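Student: quick one, fold the following:
(chains A and B)
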Amino acid sequence: MTQTEKHNLTVLIADDEIEFASTLVARLRLRNFQASMTNSGKATLAAIEQERPDVLVLDLKMPDLDGLEVLASLQVKYPSLAVIMLTGHGSFAAGQKGMELGAYDYVMKPVDLNLLMEKIEGAFQSKQTAP
Amino acid sequence: MQKLLIPIQGDFIAPRFDLATEILIVRFKNGATTSEPKIIILERPSDEALCQMAVEENITDVVCGGIEDVHYRFLVWKKVTVLDAVIGGWQKAVEKIVSGSLRQGDILIKSKDQRLAL
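Tutor: Numbering: from 1, shown residues only, chains lettered A, B, ... in the order given. Coordinates of the predicted model:
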């Protein structure tokens, strides 16, 4: 089985940088992920309610609710959802804050696609094996 | 050991250096690639960020479509070999630069299996 055949996870990309998010969605789809995108905090919460993705890749900075606010809300309503934070270059502290709030990990922009895919799979597996 | 950077757009070399949001990086030596191609997604298009990345990643070769003269000169000043005005699929471009046959201004014909690798 090749790397691409074993995917098929559903992934939601939440980022207000539309070009970035759409590029990431396109690349993930080429690797057999079922990827979709939202561009605001409120839209992300609504999409999770409807789509129930396996993994959420959540940008820190969004226009209405920021990533940490979205994450805090999700931890109450969907504690089993695997979340990876996206942070700007050099934003270690924000990424670590996200992990304190329950995110599996964080990835800094610009995003190495292979690294992100590894973390998506790791995040999903961690939720599968969680007690 | 050489390290190649190509701004890409899907399966193709991005037509403009300053509008690319995806970057391909691959190492090669003696006519063969020595690493899997790495794709990096930029937060937003930025020719200055691309130049900075080329320096930080110790890139030796850049293949691109159109590039502003100021950025071309910067990269050349940093001892990066720049092949610009190259049009076509990036996989073919990688094959040709690795084999030493890619030239500035080359127009590369899309091959049937171009979408398979990544």
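Student: the lowest-mean-pLDDT helix or strand in chain A packs against which elements?
Tutor: Lowest by mean pLDDT, DSSP states H and E among the helices and strands of chain A is helix A:92-100, with a mean of 85. Secondary-structure packing of helix A:92-100 (3 or more C-beta pairs under 8 Å, 6 or more residues apart in numbering or on different chains; DSSP states H and E): helix A:67-77, strand A:82-87, strand A:105-108. For the C-beta atoms, the positions are set from N, CA and C on the backbone; glycine is no exception.
Student: give me phi/psi at residue A:101?
Tutor: phi -90, psi 0 (degrees, to the nearest 10).
Student: what about the residue lying closest to it once chain neighbours are set aside, distance to residue A:36?
Tutor: In this structure, residue A:101 finds its nearest non-sequential neighbour in residue A:71, 5.0 Å apart by C-beta to C-beta, 6 or more residues apart in numbering or on different chains. To residue A:36, residue A:71 is 19 Å away according to C-beta to C-beta, to the nearest Å.
Student: okay, the angle between whichever helix in chain A runs longest and strand A:82-87?
Tutor: When chain A is parsed with DSSP state H, its longest helix is helix A:113-129. For helix A:113-129 against strand A:82-87, the angle by axes from the mean of the first three to the mean of the last three C-alpha atoms, to 10 degrees is 150 degrees.
Student: average pLDDT for helix A:113-129?
Tutor: When pLDDT is averaged along helix A:113-129, the result is 92.
Student: before we move on, the earlier item: who's more crowded, residue A:71 and residue A:36?
Tutor: residue A:71 (25 against 17; other C-beta atoms under 10 Å in any protein chain shown).
Student: and the most centrally placed residue in chain A, how far from chain B?
Tutor: The centroid of chain A falls nearest to residue A:57 when counting by C-alpha atoms, centre = their mean (1.0 Å). According to C-beta to the nearest C-beta, to the nearest Å, residue A:57 stands 11 Å off from chain B.
Student: secondary structure element for that residue?
Tutor: According to DSSP states H and E, residue A:57 maps onto strand A:55-59.
Student: do the one helix or strand residue A:27 maps to and chain B meet?
Tutor: Element membership for residue A:27, per DSSP H and E: helix A:18-30. Yes. Using C-beta under 8 Å from any C-beta of the partner chain, helix A:18-30 reaches chain B at A:19-20, A:23-24, A:26-27, A:30.
Student: out of those residues, flag the one nearest to residue A:93.
Tutor: residue A:20 (21.5 Å; C-beta to C-beta).
Student: what's around the residue nearest to that closest one when sequence neighbours are not counted, how many residues?
Tutor: Distances taken as C-beta to C-beta, 6+ apart put residue B:43 closest to residue A:20, at 5.3 Å, once the chain neighbours are dropped. Other residues within reach of residue B:43, judged by other C-beta under 10 Å, total 19.
Student: is chain B contacted by the longest helix of chain A?
Tutor: Yes. Applying C-beta under 8 Å from any C-beta, one finds helix A:113-129 in contact with chain B at A:113-114.
Student: show me what that helix is packed up against.
Tutor: By 3+ C-beta pairs under 8 Å, 6+ apart, helix A:113-129 packs against helix A:18-30, strand A:55-59, strand A:82-87, strand A:105-108, strand B:38-41.
Student: need the ones you listed in CSV (columns: mean pLDDT and distance to residue A:122).
Tutor: Listed next are these as CSV, based on pLDDT from 0 to 100; distance: least, C-beta to C-beta, whole Å:
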stretch, mean pLDDT, distance to residue A:122
helix A:18-30, 95, 15
strand A:55-59, 96, 10
strand A:82-87, 94, 9
strand A:105-108, 94, 7
strand B:38-41, 96, 18
